[in-house]
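>>> Provided below for reference: sequence and predicted model.
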Amino acid sequence: MSRASFVLFVMIGVLCSTTIAQRCGRNQEWNTCGSACPPSCDSSPNQFCTLQCVIGCQCKRGYVLNSSGECVHPSQYAAPNCGQNEYFNSCGSSCQPTCQNPTPQICTLACVTGCECMDGYVRNAENQCIPAYNC
């Protein structure tokens, strides 16, 4: 490949990336080496993520993705309203106690965001948190 061809390809690449960068949405910026796991309203601050560069639009520092794919300030989303005998946990267990399995033994260590039963309560067949002694 000639030097002129190489320079031409580099210039086309720069031009294309500049054009795409201008299409980033509100509160986003172009990133040539962004995270593969950008922060979102649903993600845990301690989530596991592969170490790799992702090219594209990502939220500016201080913003997170909401469920619609928009970058918002964390104050613009709120924890969901949990049901009776439940509380919101941003890094809960993926193996919640149930009537059928009140003390799960084998479980992943991954954080799960959502509503959990309060201590002493387990999920019944209708997915409601009830006192464990009522199973």
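Nice, thanks for sending it over. Residues are numbered from 1 along each chain as shown.
>>> which stretch of helix or strand covers the nearest residue to residue 128 once chain neighbours are set aside?
Spatially, and ignoring its direct neighbours in sequence, residue 128 is nearest to residue 83 (6.6 Å; C-beta to C-beta, 6 or more residues apart in numbering). All C-beta atoms are positioned from the backbone trio N, CA, C, and that covers glycine. Per DSSP states H and E, residue 83 falls between elements, in no helix or strand.
>>> next, count neighbours for the closest residue to residue 38 other than its chain neighbours.
In space, and not counting its chain neighbours, residue 38 is closest to residue 58: 5.3 Å by C-beta to C-beta, 6+ apart. Look at residue 58: counted by other C-beta atoms under 10 Å, it has 19 neighbours.
>>> for residue 58, list each beta-bridge partner.
On the basis of DSSP bridges, residue 58 is bridged to residue 29.
>>> give the contact list for it.
Contacts were defined as C-beta atoms under 8 Å, 6 or more residues apart in numbering; by that measure residue 58 touches 28, 29, 31, 34, 35, 38.
>>> wait, what's in contact with the first one?
Under the criterion of C-beta under 8 Å, 6+ apart, the neighbours of residue 28 are 57, 58, 59, 60, 63, 71.
>>> per-residue confidence at the closest residue to it other than its chain neighbours?
Distance criterion C-beta to C-beta, 6+ apart; nearest residue to residue 28, sequence neighbours excluded, is residue 57 at 4.5 Å. pLDDT recorded at residue 57 is 94.
>>> go on, residue 26?
Note on residue 26: pLDDT of 94.
>>> please report the number of neighbouring residues for it.
When neighbours are defined as other C-beta under 10 Å, residue 26 has 10 of them.
>>> please verify my assumption that it contacts residue 69.
No - Residue 26 is beyond contact range of residue 69, at 11.3 Å (criterion: C-beta atoms under 8 Å).
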